[in-house]
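K.L.:
Task: produce atomic coordinates for the following.
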Amino acid sequence: MLRKDSLELDDNDRATIAARVAGAATGRIVITHGTDTMTETAKALAAIPGKTIVLVGALAPARFAESDAAFNLGMAFACVQVAPPGVYITMNGTVFPALEVVKDRAKGAFVPRGGA
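P.N.:
Modelled structure (predicted):
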């Protein structure tokens, strides 16, 4: 939809994403997103009721041979099919409630909030 680097997203972009998700006919949505500001977009989606929303990205971009992108996308598709309504982030084989996770740049991974 936006095709922007996640570092370039602003509050207006997040409001646009939230409006599109809220207005979508489907109740299960996967959003590909850069990892740097993924948690900020998750916050903008948190108040949308009745939908299962999964944000997913890659810590190693898809253009790299050793990327985690395809695996993470597969996890997101599985998660969105079985998780109850809410907002989630799937990364590296783990599903996180989106408001309970942070990106730990030193570890190169998402970790539970408070565990960074």
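K.L.:
what about the residue lying closest to residue 4 once chain neighbours are set aside, how many neighbours?
P.N.:
Nearest residue to residue 4, sequence neighbours excluded (CB to CB, 6 or more residues apart in numbering): residue 13, at 6.8 Å. Every residue, glycine included, has its C-beta placed from N, CA and C. Residues contacting residue 13 under the criterion other CB atoms under 10 Å number 17.
K.L.:
Please identify the helix or strand for residue 13.
P.N.:
Assigned by DSSP states H and E, residue 13 falls within helix 11-23.
K.L.:
List the buried residues in that helix.
P.N.:
Residues 13, 14, 17, 18, 21 are the ones in helix 11-23 that count as buried (16 or more other CB atoms under 10 Å).
K.L.:
Of those residues, just say which sits nearest to residue 106.
P.N.:
Nearest to residue 106 out of the buried residues of helix 11-23 is residue 14 (CB to CB; 26.1 Å).
K.L.:
thinking that closest one is in contact with residue 40, fair?
P.N.:
Yes - between residue 14 and residue 40 there is a contact under CB atoms under 8 Å: 6.8 Å.
K.L.:
All the helices of the chain, residue numbers only.
P.N.:
11-23, 38-45, 69-82 (DSSP state H).
K.L.:
Redo these as TSV? Include mean pLDDT and distance to residue 58.
P.N.:
Converted to TSV, the helices of the chain look like this (pLDDT from 0 to 100; distance: least, CB to CB, whole Å):
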stretch	mean pLDDT	distance to residue 58
helix 11-23	95	19
helix 38-45	96	11
helix 69-82	94	4
